[in-house]
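Chemist: Sequence isn't available, so here's the structure alone:
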């Protein structure tokens, strides 16, 4: 993203809601959990097109393995590769919303934990995820999602 575009986006986000004539409540934790459940339900069912409709058209995703994708088509392709045929084929995801923070009336940050179960070969994968959501009309869409798996502090052994 060009610096001028970034500045314009930040200025728009920092403009007080009152000056724009918009006032609305931040969605509740329960509302965010319902959204998250519908989102993960679509992925768990393998409905990749429905899953990606929960994202803005230009959304970015960083998965817990560090892979980054941008745009619905790339997000759908990667999700389908991982969960439809790849390392997580048949795995099920459950998110638990921890908090919802209002940034502006049209932007929120949702922090959650995730757990992948039924991973081929056994085991689970747990971690944390932060999703920046924007209101588009009457719907909330994920504009950015970042997931991570906690590790111990300090240097990590080299990956082979």
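Modeler: On my side now, so go ahead. Only a predicted model underlies this, so the values are computations on that prediction, with no experimental measurement involved. Numbering: from 1, shown residues only.

Chemist: does the spatially most central residue of the chain count as helix, strand or coil?
Modeler: What sits nearest the mean C-alpha location of the chain, by C-alpha atoms, centre = their mean, is residue 145, with 3.0 Å. The local conformation at residue 145, judged by DSSP: H, G, I helix; E, B strand; the rest coil, is strand.

Chemist: got the end-to-end distance for stretch 133-140?
Modeler: 6 Å (C-alpha to C-alpha, to the nearest Å).

Chemist: And that stretch, how far out from the chain middle?
Modeler: Mean C-alpha position of stretch 133-140 versus that of the full chain (C-alpha atoms, centre = their mean, to the nearest Å) differs by 14 Å.

Chemist: With stretch 61-71 instead?
Modeler: That offset, for stretch 61-71, works out to 10 Å (C-alpha atoms, centre = their mean).

Chemist: Start and end of it, how far apart?
Modeler: Per C-alpha to C-alpha, stretch 61-71 runs 9 Å from first to last residue.

Chemist: How about residues contacting it?
Modeler: 55, 57-60, 75, 77-78, 82, 114, 125, 127, 144-149 (C-beta atoms under 8 Å, 6 or more residues apart in numbering). Quick note: C-beta positions are derived from backbone N, CA and C, even for glycine.

Chemist: mind running it again at 10 Å?
Modeler: 52, 55-60, 74-79, 81-82, 87, 114, 116, 125-131, 142, 144-150 (C-beta atoms under 10 Å, 6 or more residues apart in numbering).

Chemist: Tell me which residues of the strand or helix carrying residue 129 come out buried.
Modeler: Using DSSP states H and E, residue 129 falls within strand 125-136. Residues of strand 125-136 classed as buried: 125, 129, 130, 131, 132, 133, 134, 135 (neighbour count, 16 or more other C-beta atoms under 10 Å).
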